[in-house]
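Colleague: Below are the sequence and a predicted model; questions follow.
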Amino acid sequence: MPDIEMRFNRDMLVFSAPIDEALGRQGVDVEKDREFISLIEPEAVRNVYQLETVAGAQCLVTNTAGITAARLAHSNMEDRAPELAEAALAVLRSLRPQHIVAEIGPTYLPIDASSASSLKQSRNQYAEAARAFGRGSVDALFLNGMVSLADLQCALMGARMVFDGPVFASVDVEGTGLIARRDQPIEEALDLMAEYGADVAGFSTAAPLDEAVAIARRARAAFGGPVLVQLAVRKHNPRQGAPTAENPYYCPDIMIEAATRLRGAGVQFLRATGNATSPYTGALVAASAGFDVVNA
């Protein structure tokens, strides 16, 4: 696999979509089995990633958003993070992707930003999750969906304790550019990403494309480095006919315009998330593959 860092500010790259929607359509109880699906149904997981590979995704993202001990504890699996990480990586290695990116989602632990003990506890959760992947096994870590500035800070600090490769960080934002469920502008998150060692700054949004592009321009201006944008698909409805504020990414074709406009805003990394499947990934790839990042 080529060094992903060598491609920063150069090639447009697309992340694979989450596998939940595709597995759910096959009858898998994703909510119940998400944490250990790679252990009990590796072939089913591989088949979904195979579709993402055929769609052209250059970066395959591990199915490990819930790998922190706090989240694994709900399934009494808090001591099995290394085993789960290895199972997820084994599936992706078998497909020989250009890049493997290890996802770590939020712990959802309450954090008291004024308490050193609370911050340390949260930081250590992320450090242990990052350590589970081992040295040299992935091209980058992906701290995705961090729920607050304190959570983002702890995640970055924990990751940097044990991982010296590229780190992607992303927060969920509303169309106004405020962190979801928080009265905090994305610029504050971007400042933290820069301060605590994120190499790529990102956000996820279900907002209409005009608003997503405007936020992307803000992110590019504030961060200065590579930017990742995730567009959250709420519902696949090809009969809808046109984007709406409630469901702006209703079919894969919309992603062609989205990729083109986001590239024009200086974005390098693209991903369809939420209820997206491989056709959404394929549309992003079709509109971006072979292009360099625009120096916006």
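Modeller: That came in fine, so what should we check first? Numbers count the residues shown, from 1 in each chain.
Colleague: Which stretches in the stretch 101-250 of the chain count as helices?
Modeller: For the stretch 101-250 of the chain, the helices defined by DSSP state H, counting those that start in this stretch occupy 116-131, 149-162, 186-195, 209-223.
Colleague: So which of those is the most surrounded?
Modeller: Mean neighbours per residue, mean count of other C-beta atoms under 10 Å, is largest over the helices of the stretch 101-250 of the chain for helix 149-162, with a mean of 22. Yep, even glycine has a C-beta here, placed from its N, CA and C like the rest.
Colleague: Could you export that helix as CSV, CA atoms only?
Modeller: Extracted in CSV, the C-alpha atoms of helix 149-162 (Å, rounded to 0.1, in the frame of the first residue of the first chain):
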residue,chain,number,x,y,z
LEU,A,149,-14.8,19.7,21.7
ALA,A,150,-13.6,18.0,24.9
ASP,A,151,-14.3,14.6,23.3
LEU,A,152,-12.3,15.6,20.2
GLN,A,153,-9.4,16.8,22.3
CYS,A,154,-9.3,13.5,24.3
ALA,A,155,-9.5,11.4,21.2
LEU,A,156,-6.6,13.3,19.5
MET,A,157,-4.5,13.2,22.7
GLY,A,158,-5.1,9.5,23.1
ALA,A,159,-4.4,8.7,19.5
ARG,A,160,-1.2,10.6,19.5
MET,A,161,0.0,8.8,22.7
VAL,A,162,0.4,5.6,20.7
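Colleague: Give me the distance between that helix and the centre of its chain.
Modeller: Between the centre of helix 149-162 and the centre of its chain there are 16 Å (C-alpha atoms, centre = their mean, to the nearest Å).
Colleague: and what of stretch 254-261?
Modeller: Using C-alpha atoms, centre = their mean, the offset of stretch 254-261 from its chain centre is 18 Å.
Colleague: So that it lines up with my notes, have the first residue be 590 from now on.
Modeller: Sure, I'll start counting at 590 from here, so that last one is stretch 843-850.
Colleague: Not counting that stretch itself, show me its contacts.
Modeller: For stretch 843-850, the external contacting residues (C-beta atoms under 8 Å, 6 or more residues apart in numbering) are 601, 798, 801-802, 820, 832, 837-838, 859, 861, 869, 872-873, 875-877.
Colleague: neighbouring contacts of the helix or strand bottoming out on mean pLDDT in the chain?
Modeller: Using mean pLDDT, DSSP states H and E, helix 619-622 stands out as the lowest-scoring helix or strand of the chain, at a mean of 78. With contact meaning C-beta under 8 Å, 6+ apart, helix 619-622 is reached by 609, 612, 613, 626, 629, 630.
Colleague: From what I see, the fourth one and residue 653 are in contact.
Modeller: Pointing back at residue 626 there. No. Assessed by C-beta atoms under 8 Å, residue 626 is found out of contact with residue 653, at 10.6 Å.
Colleague: Tell me where the model's unsure across the stretch 640-789 of the chain.
Modeller: Counting by pLDDT under 70, the stretch 640-789 of the chain contains no low-confidence residues.
Colleague: all strands of it, in order?
Modeller: 648-650, 688-693, 729-735, 756-761, 789-794 (DSSP state E, counting those that start in this stretch).
Colleague: Is it possible to get JSON lines of those strands that adds mean neighbour count and distance to residue 593?
Modeller: Below are the strands of the stretch 640-789 of the chain laid out as JSON lines (neighbours: other C-beta atoms under 10 Å; distance: least, C-beta to C-beta, whole Å):
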{"stretch": "strand 648-650", "mean neighbour count": "25", "distance to residue 593": "7"}
{"stretch": "strand 688-693", "mean neighbour count": "24", "distance to residue 593": "5"}
{"stretch": "strand 729-735", "mean neighbour count": "25", "distance to residue 593": "6"}
{"stretch": "strand 756-761", "mean neighbour count": "25", "distance to residue 593": "10"}
{"stretch": "strand 789-794", "mean neighbour count": "24", "distance to residue 593": "9"}
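Colleague: Ok, which of those strands comes nearest residue 618?
Modeller: Smallest distance to residue 618 across the strands of the stretch 640-789 of the chain (C-beta to C-beta): 20.4 Å, for strand 688-693.
Colleague: Using PDB, list the CA coordinates for that closest one.
Modeller: Only the C-alpha atoms of strand 688-693 are listed here, as PDB (Å, rounded to 0.1, in the frame of the first residue of the first chain):
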ATOM      1  CA  HIS A 688      -5.300   2.200   1.800                       C
ATOM      2  CA  ILE A 689      -6.800   0.900   5.000                       C
ATOM      3  CA  VAL A 690      -8.200   3.400   7.500                       C
ATOM      4  CA  ALA A 691      -9.000   2.400  11.100                       C
ATOM      5  CA  GLU A 692     -12.100   4.000  12.400                       C
ATOM      6  CA  ILE A 693     -12.600   4.800  16.100                       C
END
